[in-house]
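Novice: how would this look folded up:
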Amino acid sequence: MTQAVAFEPLPSEIIDLFGEASTATVTMQLMKRGLRQTAINLRPMNPNATRMVGPAFTLRYIPGREDLAQPPKPTDPINAQRIAVEQAPAGSVVVVSTGGELRSGTFGDILAARMMVRGVAGIVSDGAMRDAPVLLTMNLPVFAVCPTAPPSMTSLLPVDVQLPIGCGGVSVFPNDVIVSDADGVVVVPRHMAEEVARDAAEQEHIEKFIALQVMKGKAIPGLYPPNDATRAAYKAWLAAGEPAD
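Specialist: Numbering: from 1, shown residues only. Below you'll find the model as predicted:
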(Lines give C-alpha, C1' and ligand atoms only; values in the text may rest on other atoms or scores of the structure.)
Protein backbone atom coordinates (compact mmCIF):
# COMPACT_ATOMS: atom_id res chain seq x y z
CA MET A 1 0.00 0.00 0.00
CA THR A 2 1.26 3.49 -0.86
CA GLN A 3 2.26 5.53 2.16
CA ALA A 4 0.32 8.72 2.83
CA VAL A 5 2.37 11.88 2.36
CA ALA A 6 3.14 14.10 5.36
CA PHE A 7 1.63 17.58 5.25
CA GLU A 8 3.99 20.49 4.52
CA PRO A 9 2.86 23.98 5.56
CA LEU A 10 3.29 26.79 3.06
CA PRO A 11 5.56 29.68 4.10
CA SER A 12 3.61 32.86 4.81
CA GLU A 13 5.60 34.88 2.29
CA ILE A 14 4.49 32.56 -0.52
CA ILE A 15 0.88 32.77 0.66
CA ASP A 16 1.13 36.56 0.61
CA LEU A 17 2.56 36.62 -2.92
CA PHE A 18 -0.16 34.32 -4.25
CA GLY A 19 -2.65 36.56 -2.47
CA GLU A 20 -1.60 39.38 -4.80
CA ALA A 21 -2.24 37.33 -7.95
CA SER A 22 -5.43 36.23 -9.69
CA THR A 23 -5.89 32.67 -10.87
CA ALA A 24 -5.79 34.05 -14.42
CA THR A 25 -2.30 35.37 -13.76
CA VAL A 26 -1.20 32.15 -12.07
CA THR A 27 -2.32 30.08 -15.05
CA MET A 28 -0.32 32.35 -17.36
CA GLN A 29 2.80 31.81 -15.26
CA LEU A 30 2.23 28.06 -15.32
CA MET A 31 1.74 28.09 -19.08
CA LYS A 32 5.09 29.88 -19.46
CA ARG A 33 6.58 26.88 -17.70
CA GLY A 34 4.84 24.39 -19.97
CA LEU A 35 1.90 23.48 -17.71
CA ARG A 36 -1.50 23.85 -19.38
CA GLN A 37 -3.70 21.41 -17.46
CA THR A 38 -3.80 23.05 -14.04
CA ALA A 39 -7.21 24.74 -13.81
CA ILE A 40 -10.18 22.95 -12.23
CA ASN A 41 -13.42 24.44 -13.52
CA LEU A 42 -15.78 24.43 -10.55
CA ARG A 43 -18.35 26.80 -9.05
CA PRO A 44 -18.06 28.47 -5.66
CA MET A 45 -20.88 27.53 -3.32
CA ASN A 46 -20.66 31.06 -1.88
CA PRO A 47 -19.76 33.62 -4.56
CA ASN A 48 -18.63 35.98 -1.79
CA ALA A 49 -16.10 33.47 -0.42
CA THR A 50 -13.81 32.44 -3.28
CA ARG A 51 -10.25 33.45 -2.35
CA MET A 52 -7.96 30.83 -0.84
CA VAL A 53 -4.32 29.80 -0.93
CA GLY A 54 -2.96 26.69 0.75
CA PRO A 55 -1.34 23.27 0.40
CA ALA A 56 -3.55 20.42 -0.78
CA PHE A 57 -4.72 17.82 1.73
CA THR A 58 -6.21 15.14 -0.50
CA LEU A 59 -9.19 12.83 0.04
CA ARG A 60 -10.27 10.14 -2.40
CA TYR A 61 -13.65 8.52 -2.77
CA ILE A 62 -14.42 5.50 -4.94
CA PRO A 63 -17.89 4.35 -6.06
CA GLY A 64 -19.88 3.10 -3.12
CA ARG A 65 -20.96 -0.49 -2.57
CA GLU A 66 -24.13 -1.37 -0.72
CA ASP A 67 -22.57 -3.77 1.79
CA LEU A 68 -20.04 -1.11 2.82
CA ALA A 69 -22.06 2.08 2.48
CA GLN A 70 -24.59 2.04 5.32
CA PRO A 71 -26.15 4.97 7.21
CA PRO A 72 -23.61 6.25 9.76
CA LYS A 73 -23.72 5.16 13.41
CA PRO A 74 -21.87 6.60 16.43
CA THR A 75 -19.95 3.32 16.75
CA ASP A 76 -18.58 3.41 13.18
CA PRO A 77 -14.77 3.20 12.92
CA ILE A 78 -12.99 6.26 11.61
CA ASN A 79 -12.75 6.44 7.85
CA ALA A 80 -10.88 8.55 5.34
CA GLN A 81 -13.60 11.21 5.25
CA ARG A 82 -13.45 11.71 9.02
CA ILE A 83 -9.65 11.74 8.91
CA ALA A 84 -9.82 14.62 6.44
CA VAL A 85 -12.41 16.46 8.54
CA GLU A 86 -10.55 16.01 11.84
CA GLN A 87 -6.91 15.98 10.75
CA ALA A 88 -6.54 18.28 7.75
CA PRO A 89 -4.18 20.91 9.19
CA ALA A 90 -5.02 24.57 9.61
CA GLY A 91 -4.18 26.42 6.42
CA SER A 92 -4.67 23.37 4.20
CA VAL A 93 -7.14 23.07 1.33
CA VAL A 94 -9.07 19.80 1.36
CA VAL A 95 -9.10 18.60 -2.25
CA VAL A 96 -11.47 15.74 -3.00
CA SER A 97 -11.68 13.24 -5.84
CA THR A 98 -15.11 11.75 -6.38
CA GLY A 99 -14.60 10.63 -9.96
CA GLY A 100 -17.23 13.15 -10.94
CA GLU A 101 -19.97 11.43 -8.94
CA LEU A 102 -22.87 13.89 -8.58
CA ARG A 103 -25.58 11.68 -7.07
CA SER A 104 -24.46 12.39 -3.51
CA GLY A 105 -22.68 15.14 -1.63
CA THR A 106 -18.98 15.24 -0.85
CA PHE A 107 -19.70 17.03 2.45
CA GLY A 108 -22.56 18.85 4.11
CA ASP A 109 -22.77 21.97 6.23
CA ILE A 110 -21.78 20.38 9.56
CA LEU A 111 -18.60 18.77 8.26
CA ALA A 112 -17.73 21.93 6.36
CA ALA A 113 -18.28 23.99 9.52
CA ARG A 114 -16.06 21.63 11.49
CA MET A 115 -13.24 22.11 8.99
CA MET A 116 -13.77 25.86 8.98
CA VAL A 117 -13.46 26.21 12.76
CA ARG A 118 -10.36 24.02 12.65
CA GLY A 119 -8.74 26.56 10.33
CA VAL A 120 -8.93 24.73 6.99
CA ALA A 121 -8.51 27.30 4.21
CA GLY A 122 -11.15 25.81 1.91
CA ILE A 123 -12.61 22.78 0.14
CA VAL A 124 -12.37 21.72 -3.51
CA SER A 125 -14.38 18.79 -4.89
CA ASP A 126 -15.12 17.51 -8.38
CA GLY A 127 -18.40 16.20 -7.01
CA ALA A 128 -21.46 17.79 -5.42
CA MET A 129 -22.10 19.43 -2.03
CA ARG A 130 -25.04 19.09 0.34
CA ASP A 131 -26.74 21.88 2.29
CA ALA A 132 -26.13 24.52 -0.35
CA PRO A 133 -28.30 27.19 1.39
CA VAL A 134 -26.07 27.01 4.47
CA LEU A 135 -22.80 26.85 2.52
CA LEU A 136 -23.99 30.00 0.74
CA THR A 137 -23.77 31.86 4.07
CA MET A 138 -20.45 30.42 5.29
CA ASN A 139 -17.23 32.39 5.05
CA LEU A 140 -15.40 29.32 3.77
CA PRO A 141 -14.35 28.90 0.13
CA VAL A 142 -16.05 25.73 -1.11
CA PHE A 143 -15.81 24.79 -4.79
CA ALA A 144 -17.83 21.96 -6.32
CA VAL A 145 -19.77 21.04 -9.44
CA CYS A 146 -23.29 21.48 -8.10
CA PRO A 147 -25.54 21.08 -5.05
CA THR A 148 -27.32 17.85 -4.23
CA ALA A 149 -29.36 16.41 -1.37
CA PRO A 150 -28.27 12.77 -0.72
CA PRO A 151 -25.45 12.04 1.73
CA SER A 152 -22.06 10.80 0.55
CA MET A 153 -22.63 7.16 1.50
CA THR A 154 -25.47 6.99 -1.04
CA SER A 155 -22.94 6.45 -3.81
CA LEU A 156 -19.44 7.19 -2.48
CA LEU A 157 -16.92 5.32 -0.34
CA PRO A 158 -14.00 7.24 1.24
CA VAL A 159 -10.79 5.21 0.90
CA ASP A 160 -7.65 7.27 1.53
CA VAL A 161 -6.07 10.63 2.29
CA GLN A 162 -2.80 12.35 1.34
CA LEU A 163 -2.19 10.37 -1.84
CA PRO A 164 -2.13 11.68 -5.43
CA ILE A 165 -5.60 12.14 -6.89
CA GLY A 166 -7.34 13.43 -9.99
CA CYS A 167 -9.77 16.26 -9.32
CA GLY A 168 -11.82 17.54 -12.22
CA GLY A 169 -9.33 16.15 -14.72
CA VAL A 170 -6.31 17.72 -12.99
CA SER A 171 -3.56 15.85 -11.15
CA VAL A 172 -3.25 16.94 -7.53
CA PHE A 173 -0.44 15.74 -5.30
CA PRO A 174 -0.46 16.25 -1.55
CA ASN A 175 1.03 19.67 -0.69
CA ASP A 176 0.57 21.12 -4.18
CA VAL A 177 -0.52 24.72 -3.78
CA ILE A 178 -4.19 25.46 -4.40
CA VAL A 179 -5.12 28.99 -5.44
CA SER A 180 -8.69 30.10 -6.07
CA ASP A 181 -10.83 33.11 -6.82
CA ALA A 182 -14.08 33.80 -8.65
CA ASP A 183 -12.60 32.37 -11.88
CA GLY A 184 -12.07 28.93 -10.32
CA VAL A 185 -9.28 26.80 -8.87
CA VAL A 186 -5.67 26.39 -9.99
CA VAL A 187 -3.16 23.74 -8.90
CA VAL A 188 0.49 24.81 -8.64
CA PRO A 189 3.08 22.01 -8.31
CA ARG A 190 4.75 22.46 -4.95
CA HIS A 191 8.29 22.56 -6.33
CA MET A 192 7.31 25.53 -8.53
CA ALA A 193 5.34 27.41 -5.92
CA GLU A 194 7.93 29.97 -4.84
CA GLU A 195 8.93 31.09 -8.34
CA VAL A 196 5.37 31.07 -9.67
CA ALA A 197 4.17 33.13 -6.70
CA ARG A 198 6.99 35.66 -7.16
CA ASP A 199 6.48 36.05 -10.90
CA ALA A 200 2.68 36.12 -10.64
CA ALA A 201 2.84 38.97 -8.12
CA GLU A 202 5.23 40.85 -10.41
CA GLN A 203 2.93 40.27 -13.39
CA GLU A 204 0.00 41.70 -11.46
CA HIS A 205 2.06 44.79 -10.66
CA ILE A 206 3.12 45.53 -14.22
CA GLU A 207 -0.42 44.83 -15.45
CA LYS A 208 -1.66 47.54 -13.08
CA PHE A 209 0.61 49.95 -14.97
CA ILE A 210 -0.54 48.56 -18.34
CA ALA A 211 -4.21 48.98 -17.39
CA LEU A 212 -3.53 52.64 -16.61
CA GLN A 213 -2.02 53.10 -20.07
CA VAL A 214 -4.99 51.40 -21.70
CA MET A 215 -7.37 53.76 -19.92
CA LYS A 216 -5.32 56.66 -21.29
CA GLY A 217 -6.01 55.42 -24.82
CA LYS A 218 -2.77 53.55 -25.53
CA ALA A 219 -2.94 50.77 -28.13
CA ILE A 220 -2.23 47.15 -27.19
CA PRO A 221 0.72 46.37 -29.54
CA GLY A 222 3.93 46.74 -27.59
CA LEU A 223 1.98 47.40 -24.41
CA TYR A 224 0.48 43.99 -23.70
CA PRO A 225 2.59 41.94 -23.59
CA PRO A 226 5.08 44.68 -22.75
CA ASN A 227 8.05 45.39 -24.99
CA ASP A 228 11.30 46.96 -23.80
CA ALA A 229 9.93 50.49 -24.08
CA THR A 230 6.90 49.63 -21.96
CA ARG A 231 9.08 47.95 -19.35
CA ALA A 232 11.29 51.05 -19.20
CA ALA A 233 8.20 53.22 -18.74
CA TYR A 234 7.01 50.83 -16.03
CA LYS A 235 10.28 51.22 -14.12
CA ALA A 236 9.99 54.99 -14.39
CA TRP A 237 6.43 54.76 -13.07
CA LEU A 238 7.67 52.75 -10.08
CA ALA A 239 10.41 55.29 -9.42
CA ALA A 240 7.84 58.09 -9.50
CA GLY A 241 5.79 56.40 -6.78
CA GLU A 242 3.18 54.74 -9.01
CA PRO A 243 1.11 57.80 -9.90
CA ALA A 244 -2.48 57.06 -10.85
CA ASP A 245 -2.59 59.64 -13.67
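
Novice: all strands of this protein, in order?
Specialist: Counting by DSSP state E, the chain has strands at residues 39-40, 43-44, 52-63, 93-97, 122-125, 128-129, 142-144, 146-147, 156-161, 165-167, 170-172, 177-181, 184-188.

Novice: list the strands paired with the fifth one, with their directions.
Specialist: When pairs are called by DSSP bridges, strand 122-125 turns out to pair with strand 93-97 (parallel), strand 142-144 (parallel).

Novice: just to revisit the earlier point, adding mean neighbour count, write the strands of the chain out as TSV.
Specialist: The C-beta positions use only the backbone N, C-alpha and C, and glycine is treated the same way. Output for the strands of the chain, formatted as TSV (neighbours: other CB atoms under 10 Å):
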stretch	mean neighbour count
strand 39-40	21
strand 43-44	18
strand 52-63	24
strand 93-97	28
strand 122-125	27
strand 128-129	24
strand 142-144	28
strand 146-147	15
strand 156-161	20
strand 165-167	21
strand 170-172	19
strand 177-181	25
strand 184-188	26
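
Novice: in a markdown table, list these along with distance to A219 and mean pLDDT.
Specialist: Formatted as a markdown table, the strands of the chain follow (distance: least, CB to CB, whole Å; pLDDT from 0 to 100):
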| stretch | distance to A219 | mean pLDDT |
| --- | --- | --- |
| strand 39-40 | 30 | 98 |
| strand 43-44 | 35 | 97 |
| strand 52-63 | 35 | 98 |
| strand 93-97 | 40 | 98 |
| strand 122-125 | 39 | 98 |
| strand 128-129 | 45 | 98 |
| strand 142-144 | 37 | 98 |
| strand 146-147 | 42 | 98 |
| strand 156-161 | 52 | 96 |
| strand 165-167 | 41 | 98 |
| strand 170-172 | 36 | 98 |
| strand 177-181 | 29 | 98 |
| strand 184-188 | 30 | 98 |
